[in-house]
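# predicted model and sequence below, questions to follow.
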Amino acid sequence: MSLVNYATREITCKIVYYGPGRSGKTTNLHYIYGQVPDDRKGKMVSLATQTDRTLFFDFLPLDLGTISGFTTKFQLYTVPGQVYYQTTRKLVLQGADGVVFVADSQARQLSENIESFQDLHANLAEQGIDARTVPLVIQYNKQDLPKDLILSTADLSDSLNFRGVPEFSADALHGPGVFETLRAISELVLKRLSAGAPAGAR
Ligand SMILES: Nc1nc2c(ncn2[C@@H]2O[C@H](COP(=O)(O)OP(=O)(O)O)[C@@H](O)[C@H]2O)c(=O)[nH]1
Ligand SMILES: [Mg+2]
């Protein structure tokens, strides 16, 4: 849920990168972090679990401007994807203003993607967030891998994108698609914020 600070005239929105283990969520955040100038980002914080980490940082986008005189800041989070970190995932998802679902395009990961997508919807529902209206963008990551190892974005879309949300092909390791994804989710979140629609969880 977006946080409004009247003293500093800032609105902070929370965006969560969700998806199965090793789909490239952390890689997305590292790439973004590396591209954002120092004076526009906070420290990257990493909460370690035994085999995976929850990662987050704040940043101030360069060109998203203000809403009614308020500066908008974004907080990007990743969740640990492994099935057994359900509790951490639920905590991180709490109060999310928008979600980026990072799918692993590798053909052998299809069922993991579907399972994680269902897990996302179940966890949203549990938190009283309407999964059909929460700002959501899907990223088909690892599209740089050899074609015989991956599914096309069209095939992935058929399996995951029932809502017809914005979707992007990406190679988070090298950058293509990373900022397109971030821009799309930021715009959806801001649009909703300026429309004053209740964000379900708010
Ligand atoms: N080839 C390729 N590898 C990627 C890409 N994104 C992430 N990886 C690799 O996939 C592995 C898991 O990435 P990570 O970001 O830790 O996944 P997370 O569990 O979703 O946070 C790492 O070895 C990454 O280097 C990509 O777009 N292309
Ligand atoms: Mg990670």
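Looks like it arrived, so ask away. Ligands and ions are numbered 1, 2, ... in the order given.
# what segments of this structure are helices?
25-35, 86-93, 110-126, 153-160, 178-195 (DSSP state H).
# quick one: the fourth one near ligand 1?
Meaning helix 153-160. No: using CB under 6 Å from any ligand atom, we find that helix 153-160 stays clear of ligand 1, coming within 13.0 Å at best. The way it works is simple: take the backbone N, C-alpha and C, and place the C-beta from them, glycine included.
# CA atoms only for that helix, dumped as PDB, please.
Taking Å, rounded to 0.1, in the frame of the first residue of the first chain, the C-alpha atoms of helix 153-160 are listed here in PDB:
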ATOM      1  CA  THR A 153       6.800 -15.500 -25.500                       C
ATOM      2  CA  ALA A 154       3.600 -16.400 -27.300                       C
ATOM      3  CA  ASP A 155       3.500 -19.900 -25.800                       C
ATOM      4  CA  LEU A 156       4.400 -18.500 -22.400                       C
ATOM      5  CA  SER A 157       1.700 -16.000 -22.700                       C
ATOM      6  CA  ASP A 158      -0.900 -18.700 -23.500                       C
ATOM      7  CA  SER A 159       0.100 -20.500 -20.300                       C
ATOM      8  CA  LEU A 160       0.300 -17.500 -18.000                       C
END
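# count of neighbours near the closest residue to residue 189 other than its chain neighbours?
Excluding its sequence neighbours, the residue lying closest to residue 189 (CB to CB, 6 or more residues apart in numbering) is residue 98, at 4.2 Å. Residues lying near residue 98 (other CB atoms under 10 Å) number 24.
# who in the chain is up against ligand 2?
25-26 (CB under 5 Å from the ion).
# least confident secondary structure element in this structure?
Ranked by mean pLDDT, DSSP states H and E, the helix or strand of the chain with the weakest confidence is strand 66-67, at a mean of 65.
# show me what contacts the residue nearest to residue 189?
The neighbours of residue 98, taking CB atoms under 8 Å, 6 or more residues apart in numbering as the test, are 13-16, 134-137, 185-186, 188-189.
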